[in-house]
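Peer 1: got a structure for you, letters missing:
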């Protein structure tokens, strides 16, 4: 089987396993006696400990390749989930989640870097990135509902243990499934140099980079963290957990729809990012002011914006970065996502009694868009 297909398979299983936890983690913490504000820290610390892992991953992947990080990340994360199934108090859950966040910080940069390296040319690279987004979304469509249904049938303890063993099995398969040739390890490919975009190149090359660009992924992940914090709190019973799982799946279904619009790849990734983020901000504003659109429809639209934004971000980053720096480039992107995912739940957990969490998401997205240096990016697009 081709390396890309193996990668898609492992990404699917890993993302299925991880997204299955979204609708059940908050109810699990509540069952342990955690307050809503403390749940925000439990969800946020996972992303906070992502940061050192992302930094280490960036340099480690460029030096030693992706395979070892993919295998170890999956296996160790599975072992941690099995331990998580046995905990009995909120503080232990906080510690376990912090360790899990560090371990899984290596997975996404490693997979994205390897996908970018095995591409034959820029067009093939764009297709591989779109395929990654499609596989990720397919997994997230069914996994929240599946995870919630699993808890309703077997309970939290057995559900976490099952998910942990699935991750371990996936990591073992990755040992034989992921192959790195000498070409991909040494980065001597046709993609060794970035496209001619002088004002936005990899940080490792020491050239200028508009760092305000990274406020966009930070704001998007922050708003997503707020959403993931709020939705499961409706789950006070096991039947409600299933409802929360369905709500998460609606977001993924919306993303799957826009990912199927292949004609969108013809448009500038920058314009796709800005349009998607602006639309996402107004959807959160609508929910905050209790607009007449049902929550189910709003969640589906949020998913549609995600299907536009995430492939555009990865495509833009890969196009402007030399293959020898892919590890570091995607680790910086992961750092931005991790920071946002850490900030979002904590803001929601501490401020939801004062102001709507969805209004906070709207404001963060709008601030990121307002400070984005569009003129500089326009000059980059012209040079391309």
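Peer 2: Structure's in. What do you need? On a predicted model such as this, the values are computed, not experimentally measured, just so you know.
Peer 1: Buried residues in the helix or strand that residue 336 is a member of, which are they?
Peer 2: Applying DSSP states H and E as the criterion places residue 336 in helix 326-351. Residues of helix 326-351 classed as buried: 326-349, 351 (neighbour count, 16 or more other Cβ atoms under 10 Å). To be clear about C-beta, it is placed using only N, CA and C from the backbone, and glycine gets the same treatment.
Peer 1: Leaving out the residues flanking it, which one is nearest to residue 219?
Peer 2: Leaving aside its chain neighbours, residue 219 sits nearest to residue 368 (3.7 Å; criterion: Cβ to Cβ, 6 or more residues apart in numbering).
Peer 1: in the stretch 101-250 of the chain, which spans are helices?
Peer 2: 107-117, 122-177, 182-186, 215-230, 238-259 (DSSP state H, counting those that start in this stretch).
Peer 1: buried set for stretch 140-156?
Peer 2: For stretch 140-156, by 16+ other Cβ under 10 Å, it's 140-152, 156.
Peer 1: In these, find the pair that's most separated.
Peer 2: 141 and 156 (22.7 Å; Cβ to Cβ).
Peer 1: Who are the contact partners of the residue nearest to residue 219?
Peer 2: Neighbour list for residue 368: 215, 216, 218, 219, 277 [criterion: Cβ atoms under 8 Å, 6 or more residues apart in numbering].
Peer 1: which one of the residues you listed is nearest residue 73?
Peer 2: residue 218 (22.6 Å).
Peer 1: I'd say that closest one and residue 334 touch.
Peer 2: No: counting by Cβ atoms under 8 Å, residue 218 sits too far from residue 334 to count as a contact (11.1 Å).
Peer 1: how about JSON lines for the helices of the stretch 101-250 of the chain, with mean pLDDT and distance to residue 77 added?
Peer 2: JSON lines is the format used below for those (pLDDT from 0 to 100; distance: least, Cβ to Cβ, whole Å):
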{"stretch": "helix 107-117", "mean pLDDT": "78", "distance to residue 77": "8"}
{"stretch": "helix 122-177", "mean pLDDT": "79", "distance to residue 77": "5"}
{"stretch": "helix 182-186", "mean pLDDT": "51", "distance to residue 77": "24"}
{"stretch": "helix 215-230", "mean pLDDT": "87", "distance to residue 77": "18"}
{"stretch": "helix 238-259", "mean pLDDT": "74", "distance to residue 77": "20"}
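Peer 1: Dump those helices to TSV, plus distance to residue 96.
Peer 2: Shown next, in TSV, are those (distance: least, Cβ to Cβ, whole Å):
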stretch	distance to residue 96
helix 107-117	17
helix 122-177	10
helix 182-186	34
helix 215-230	18
helix 238-259	20
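Peer 1: any idea how far residue 54 is from residue 132?
Peer 2: 17 Å (Cβ to Cβ, to the nearest Å).
Peer 1: One more: residue 168?
Peer 2: Taken as Cβ to Cβ, the span from residue 168 to residue 132 is 23 Å.
Peer 1: swap in residue 113?
Peer 2: Taken as Cβ to Cβ, the span from residue 113 to residue 132 is 11 Å.
Peer 1: who's more crowded, those two?
Peer 2: residue 113 (29 against 23; other Cβ atoms under 10 Å).
Peer 1: May I ask which helix or strand of this protein has the lowest mean pLDDT?
Peer 2: The helix or strand of the chain with the poorest confidence is helix 182-186; it has a mean of 51 (mean pLDDT, DSSP states H and E).
Peer 1: so who does the residue minimising distance to the centre of the chain touch?
Peer 2: What sits nearest the mean C-alpha location of the chain, by Cα atoms, centre = their mean, is residue 337, with 6.9 Å. By Cβ under 8 Å, 6+ apart, the residues touching residue 337 are 47, 50, 217, 218, 220, 221.
Peer 1: cool, residue 264 as well?
Peer 2: Counted by Cβ under 8 Å, 6+ apart, residue 264 has contacts 258, 272, 308.
Peer 1: Give me the angle between the helix holding residue 336 and helix 215-230.
Peer 2: Interaxial angle, helix 326-351 versus helix 215-230 (axes from the mean of the first three to the mean of the last three Cα atoms, to 10 degrees): 50 degrees.
Peer 1: tell me which of the buried residues of stretch 140-156 is nearest to residue 98?
Peer 2: Closest approach to residue 98 among the buried residues of stretch 140-156 (Cβ to Cβ): residue 156, at 19.1 Å.
Peer 1: Please look at the closest one and residue 85 and confirm they touch.
Peer 2: Yes: at 7.3 Å, residue 156 counts as touching residue 85 under the criterion of Cβ under 8 Å.
Peer 1: Perfect, that will be all.
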